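Asks: turn this into a structure:
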Amino acid sequence: MIVHDWQHTLIHDRSKWRPFGFVILAVLCGLLLVRLPVSSLLLLMAATAVVILTLIRPLIGLSVTLIIAPLGALENQILGGTSLDSGQLLLLFTLAVWIARGMLRQRVIIPKTTLNLPFLLVLLITLFTLPGSAAPNIGLREWLKWLEMALIMLMVVDLGREHPQKRDQTIIWCVSMLLLAGISQAVIGIWQFGLRGDGPEHFIVLGRFYRAYGTYEQPNPFGGFMNLSLLLGLGVLLGLLTAWWHNRHLRHDSWGKWLLLVGGVLLAVVLTGLGLIFSWSRGAWLGFAAGTAVIIFFWPRQQRWGGLLLTLFIVLFGIGLWLNIVPTAVTGRLASFTTDLRFGDVRGVDINDANYSVIERLAHWQAALGMATDNVWSGVGFGNYEPAYAEYALINWPAPLGHAHNYYLNLLAEVGIIGLTIYGFFWLAVFWRTWQQLKWLPWPMRGVALGLMGVWTGFAVHQLVDKLYVNNIYIHLGVMFGLLQLLADVGQHATRAVLRGEG
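Replies: Numbers count the residues shown, from 1 in each chain. Purely as a prediction, here's the structure:
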């Protein structure tokens, strides 16, 4: 009878023995974990914590994604070219959680932003060029980057608007994570340049140092990534200092918090600035110079004072060059590029160690122009520069570099005049929206918009000699596009407050 009752309970009353099942499962998992190496165990615990926190709050998953996204190139090198790295996997999981939360709450909406239409046009025109291209699969991977950028922007905007009273906290949190991602890479780059004392031979500069490249495996995209954090940090720092200046006569009850903010942003600016210098990337330096000039110009609300301030800065920089205050190694590095830069056919140019990198770029520019000439309207297919390169390669440059080292020529070759025009329209919308916020935003939030304007400018200029939609940089751009839309919400709120006479 007792045996019969026990069997009946086991089969029909599962609620009573279910806890024992969990205990047994926990014991088995524990025995399995004990056999793992300590490093693997810690990694598993960290990954589990991130998954749980992402399920609770997707913004945390996105924040961790920003930190680990730059590891993509290093992971691909170690693992032999995987299709998805840890940053992309966590991003996809975070997006899935965000969409699932909306479905569970019956709140699946597409936030209204000024970039929805530009993003849609870019996605449509680039997708239209894929059928008939040499490698549609490669083009599809490039297309998915833009889709992910759009989804990231929409997710940031949706999370920021979910609780309007916490919108400013969302902005501050995203800015902090972007700067922290820059700091983490800058520390690696500084170590590679000054402390590691090892690296690829062609990275050697000044006779004994190695160009910083972080986990990007190449100095140029690393320098471009440094600009994202550095220029954003400069804008935020100016925003904090200007806000303090305007309110210096008022009572401050939180000087400690303010000094902590300024100190953290200043640390980010210093470290990413060193990382940019140590990258020894001429394109990144030019991008930084252009971005800084724009930040200086738009710093005062009245542009006539901004123009005067920028003129003064240029004069002081010129005096520094004249007095040899600027290191000759830096000026010589920039001068070598402008000296060897030429336009036209480079097939008969003598190649040497000094002009090799410049002539190599020009040869790929020429190949891109050849593709564009033969495919004026629709190009050779989005992302298909490299597959189409063999047909247009110059005799001395048979190996493709993956892109034309000028993204505008690269895009002209891949998607033709129509696609390049729509791409220009997209960025025009970005610049226009940012300029609008610079007119209305109060300090210190205006500093975030100021930094974004510098980022857009530096990014655009650097892409004259490179392609920066690599190694998950587009994830950081997507977050920045989302920040721009949240800043627009702050600006509209501030404007309505002024009109009501509240400020």
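Asks: what sits against residue 122?
Replies: Residues near residue 122 by Cβ atoms under 8 Å, 6 or more residues apart in numbering: 146, 422, 423, 426. (C-beta placed from N, C-alpha, C; glycine too.)
Asks: the second one belongs to a strand?
Replies: The reference is to residue 422. No. Counting by DSSP: H, G, I helix; E, B strand; the rest coil, residue 422 is not found in a strand; it is helix.
Asks: which residues does residue 212 contact?
Replies: By Cβ under 8 Å, 6+ apart, residue 212 lies in contact with 188, 189, 190, 192, 193, 219, 222, 275, 278, 279, 280.
Asks: SS state for it?
Replies: Here residue 212 is recorded as coil under three-state DSSP.
Asks: how about it, nearest residue that isn't a chain neighbour?
Replies: Once flanking residues are discounted, residue 212 sits nearest to residue 189: 3.1 Å by Cβ to Cβ, 6 or more residues apart in numbering.
Asks: which of the helices or strands spans that neighbour?
Replies: Using DSSP states H and E, residue 189 sits within helix 167-190.
Asks: and that helix, what does it pack onto?
Replies: helix 58-68, helix 136-162, helix 219-246, helix 255-279, helix 445-462, helix 473-499 (3 or more Cβ pairs under 8 Å, 6 or more residues apart in numbering; DSSP states H and E).
Asks: can you pull the buried residues of that helix?
Replies: By neighbour count on 16 or more other Cβ atoms under 10 Å, the buried set for helix 167-190 is 167, 170-171, 173-186, 188-190.
Asks: what's the angle between it and helix 219-246?
Replies: Per axes from the mean of the first three to the mean of the last three Cα atoms, to 10 degrees, the angle that helix 167-190 makes with helix 219-246 is 140 degrees.
Asks: which residues does stretch 138-146 contact?
Replies: With Cβ under 8 Å, 6+ apart, stretch 138-146 has contacts from 119, 122-123, 126-127, 129-130, 133, 381-384, 386-387, 414, 469, 474.
Asks: mind running it again at 7 Å?
Replies: 122-123, 126-127, 130, 133, 381-384, 387, 469, 474 (Cβ atoms under 7 Å, 6 or more residues apart in numbering).
Asks: circling back: dump the contacts of residue 212 into a markdown table; add pLDDT and distance to residue 436 as well.
Replies: Output for the contacts of residue 212, formatted as a markdown table (pLDDT from 0 to 100; distance: Cβ to Cβ, whole Å):
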| residue | pLDDT | distance to residue 436 |
| --- | --- | --- |
| 188 | 94 | 37 |
| 189 | 93 | 35 |
| 190 | 93 | 37 |
| 192 | 90 | 40 |
| 193 | 88 | 39 |
| 219 | 92 | 35 |
| 222 | 96 | 32 |
| 275 | 95 | 31 |
| 278 | 93 | 36 |
| 279 | 93 | 33 |
| 280 | 90 | 37 |
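Asks: dump those to a markdown table, plus distance to residue 113.
Replies: As requested, the contacts of residue 212 are exported to a markdown table (distance: Cβ to Cβ, whole Å):
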| residue | distance to residue 113 |
| --- | --- |
| 188 | 34 |
| 189 | 34 |
| 190 | 37 |
| 192 | 38 |
| 193 | 39 |
| 219 | 34 |
| 222 | 30 |
| 275 | 31 |
| 278 | 37 |
| 279 | 33 |
| 280 | 38 |
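Asks: looking at those, which one is closest to residue 370?
Replies: Residue 370 has its nearest neighbour among the contacts of residue 212 in residue 219, at 28.2 Å by Cβ to Cβ.
Asks: phi and psi next, for the residue lying closest to residue 453 once chain neighbours are set aside.
Replies: Nearest residue to residue 453, sequence neighbours excluded (Cβ to Cβ, 6+ apart): residue 434, at 4.9 Å. Dihedral angles of residue 434 (phi, psi; degrees, to the nearest 10) stand at phi -70, psi -40.
Asks: my read is that residue 434 contacts residue 449, right?
Replies: Yes. If you go by Cβ atoms under 7 Å, residue 434 and residue 449 touch, sitting 5.8 Å apart.
Asks: the more surrounded of these two?
Replies: Per other Cβ atoms under 10 Å, whichever of residue 434 and residue 449 has more neighbours is residue 449, with 28 against 24.
Asks: once you drop chain neighbours, what's closest to the more buried one?
Replies: Once flanking residues are discounted, residue 449 sits nearest to residue 437: 4.3 Å by Cβ to Cβ, 6+ apart.
Asks: who's in contact with the one you found?
Replies: Contacts for residue 437 (Cβ under 7 Å, 6+ apart) come out as 449, 487, 488, 491.
Asks: can you name every helix or strand that the helix or strand containing residue 357 contacts?
Replies: Assigned by DSSP H and E, residue 357 falls within helix 356-374. Other elements packing on helix 356-374 under the criterion 3 or more Cβ pairs under 7 Å, 6 or more residues apart in numbering; DSSP states H and E are helix 328-340, helix 385-392, helix 407-440.
Asks: so can I have CSV of those helices showing distance to residue 258?
Replies: Shown next, in CSV, are the helices and strands packed on helix 356-374 (distance: least, Cβ to Cβ, whole Å):
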stretch, distance to residue 258
helix 328-340, 34
helix 385-392, 48
helix 407-440, 23
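Asks: lowest average confidence across these, which one?
Replies: Of all these, mean pLDDT reaches its minimum on helix 328-340 (a mean of 59).
Asks: thinking residue 286 is in contact with residue 463, fair?
Replies: No. Residue 286 lies out of contact with residue 463 (Cβ under 7 Å); the separation is 10.7 Å.
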